[in-house]
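[1] only the shape, not the letters, is given here:
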């Protein structure tokens, strides 16, 4: 089974410089940088490092995921951000676990062993609240439904008919995985401190969008 790593960027030059050299290119068959219109030199830095850069065609976080998956060629897709929140070592761990036959493997930032150095009490509470609501409504047992750091098979991605374009994108990926009774599992991970750049998530708009996503998915058949 082949694996593609899609790295989502938008003005993350500091993170790219620090994080990308730590990624062993032998971990995957293909690495694609999906850039959402950076103006800080992120694209030029990634190109200088020898990575393939694809310009995002569809706006939003989910749009970046769709762009990357459409451009990829592998059986499985690892989603990763180079802003310091994700640890490069997660990549081979996700791939190894997926090889046991899982449709989705998600890094949990809220396991008993996790260290969370970026999300504050409010963000952590919000994540846990939406995860609990999702588990109740869609019969799941996840601890971190919102984390983008995950691997998903191409077959599983096509099955969920993914169409959430904003920061509710990976939430939809988790919800629809449950709705389709996909084989899903979490592995313990951490959330590191952000490296440079600006945080994209705004609490009130994102919370509203996540709540709306829950309601939409209750009445959407896939």
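    Noted; the coordinates are in hand. Quick caveat, the model's predicted, so the values are computed rather than measured.
[2] show me the residue sitting in the middle of this structure in space.
    residue 148 (1.9 Å; CA atoms, centre = their mean).
[3] that residue - nearest residue in space that isn't next to it in sequence?
    Distance criterion CB to CB, 6 or more residues apart in numbering; nearest residue to residue 148, sequence neighbours excluded, is residue 170 at 4.7 Å. C-betas here are computed from N, CA, C, even on glycine.
[4] about what we covered before: mind checking what secondary structure the residue nearest to the centre of the chain has?
    Secondary structure assignment for residue 148 (DSSP: H, G, I helix; E, B strand; the rest coil): coil.
[5] returning to that earlier point: can you pull the contacts of the residue nearest to residue 148?
    By CB atoms under 8 Å, 6 or more residues apart in numbering, residue 170 lies in contact with 61, 65, 79, 145, 146, 147, 148, 150.
[6] which residues sit against the longest helix anywhere in the chain?
    Longest helix in the chain by number of residues (criterion: DSSP state H): helix 121-138. Among residues not part of helix 121-138, those counted as contacts by CB under 8 Å, 6+ apart are 109-110, 116, 119, 140-146, 171, 174-175, 178-179, 201, 203, 207, 210-211, 214, 217-218.
[7] by mean pLDDT, which helix or strand of this structure comes out lowest?
    Of all helical and strand segments in the chain, the minimum by mean pLDDT, DSSP states H and E falls on helix 121-138, at a mean of 87.
[8] now the very next helix or strand once past that helix: average pLDDT?
    Where DSSP states H and E defines the elements, the next helix or strand beyond helix 121-138 is strand 150-153. In this model, strand 150-153 has a mean pLDDT of 98.
[9] next, the buried residues of strand 150-153.
    If you call a residue buried by 16 or more other CB atoms under 10 Å, then strand 150-153 has these buried ones: 150, 151, 152, 153.
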